[in-house]
Structure formats: C-alpha cells, structure tokens
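>>> Give me a 3D structure for the following:
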Amino acid sequence: MDNVQPKIKHRPFCFSVKGHVKMLRLALTVTSMTFFIVAQAPEPYIVITGFEVTVILFFILLYIFRLDRLMKWLFWPLLDIINSLVTTVFMLIVSVLALIPETTTLTVGGGVFALVTAVCCLADGALIYRKLLFNPSGPYQKKPVHEKKEVL
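Numbering: from 1, shown residues only. Next up, the predicted model:
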C-alpha cells in the first residue's frame with residue numbers, strides 16, 4: 001500500500017516571522033539613511049546605511065522569489081547569519097558615532113534608528129540560527145512505528 005503524503009504548502013516569505021523581521025530591518029535602515037541624508041551627516045554614515053539597504057533588499061528578493069532553492073551551491077542561511085552579524089557591528093559603530101558628538105536632531109534620529117536596526121539585526125541572526133539549529137538538513141519526516149524494519 002502506497003503511503004501518499006500531501007505536499008506541504010510553504011508559507012510565503014512575506015508572511016513568515018523571518019520575512020517580517022527582514023522587512024522591519026529594511027524599513028529601519030532606510031529611515032536611518034534618510035535621516036542621515038537630510039541632516040547632511042558625514043558620508044560614511046550614508047554609505048554604510050545605503051550599502052546595508054541594498055544587501056537587505058537583495059536577501060528579501062532572494063527569499064521572495066525562492067532563488068535560494070534554485071542556487072543550492074551556496075549555503076544561504078550561513079551567508080544571512082554572517083550578514084546579520086556584520087550589519088550589527090557596522091550599525092552599532094554608526095549609531096555610536098552619530099550619537100556621541102553634539103550634532104543636529106536629525107543625525108541623532110538617524111543614530112537612534114541605526115541602533116534599533118542593530119538590535120533588529122541581532123534578532124534576525126538569532127532567528128536564522130535557531131532555524132539552522134533545529135532544522136539543519138531539511139524537514140524531518142517521522143515514519144510510523146509499524147514501518148520500521150528489523151535487521152537480524
């Protein structure tokens with residue numbers, strides 16, 4: 001008797017927790033970059049946040065179009081965790097540098113949003129790490145007990 005299992009429908013990326021965290025991360029980074037541009041903050045603040053916006057947008061598009069399933073020669077979750085950690089470090093540096101000196105209100109606003117972005121990046125990395133830890137090689141399919149074969 002064939003054991004036909006229904007095909008599991010995957011939740012779209014935009015409706016998953018990881019998708020919400022990435023979208024929030026993108027919105028916070030864009031807001032921080034906008035504050036830095038309007039405040040005419042030093043160029044490294046704008047360049048770092050702009051680079052992070054493009055990288056986050058790349059990962060969002062990668063997961064929305066499910067390109068990570070097509071390009072299996074790269075281990076995307078590991079790249080995503082590395083990106084989250086590097087982004088956390090860069091955004092912490094930018095936020096501290098923007099918040100320490102007495103600057104304009106918009107630069108301080110950009111620094112606060114950069115700090116919140118760093119916290120969001122940590123949450124994103126933790127979510128991906130947790131998924132890797134509990135599900136390292138794909139979905140585990142448990143077989144019923146009566147289908148076990150005994151070796152004598």
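>>> for this protein, which spans come out with low pLDDT?
Along the chain, the parts satisfying pLDDT under 70 run over 1-11, 135-152.
>>> again, only this time at 80
The model of the chain has pLDDT under 80 over residues 1-17, 67-69, 74-76, 102-103, 131, 134-152.
>>> Spell out, range by range, the helices that occur in it.
Taking DSSP state H to define them, one finds helices in the chain at 17-38, 43-64, 67-70, 76-99, 105-134.
>>> Would you format those as JSON lines with mean neighbour count included?
In this view, the C-beta of every residue, glycine as well, is placed from N, C-alpha and C. What follows is the helices of the chain, written out as JSON lines (neighbours: other Cβ atoms under 10 Å):
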{"stretch": "helix 17-38", "mean neighbour count": "20"}
{"stretch": "helix 43-64", "mean neighbour count": "17"}
{"stretch": "helix 67-70", "mean neighbour count": "12"}
{"stretch": "helix 76-99", "mean neighbour count": "18"}
{"stretch": "helix 105-134", "mean neighbour count": "19"}
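>>> what does stretch 43-59 contact?
When contacts are defined by Cβ atoms under 8 Å, 6 or more residues apart in numbering, stretch 43-59 is touched by residues 22, 25-26, 29-30, 32-33, 36-37, 80, 83, 87, 90-91, 94, 97-98, 107, 110, 114, 117.
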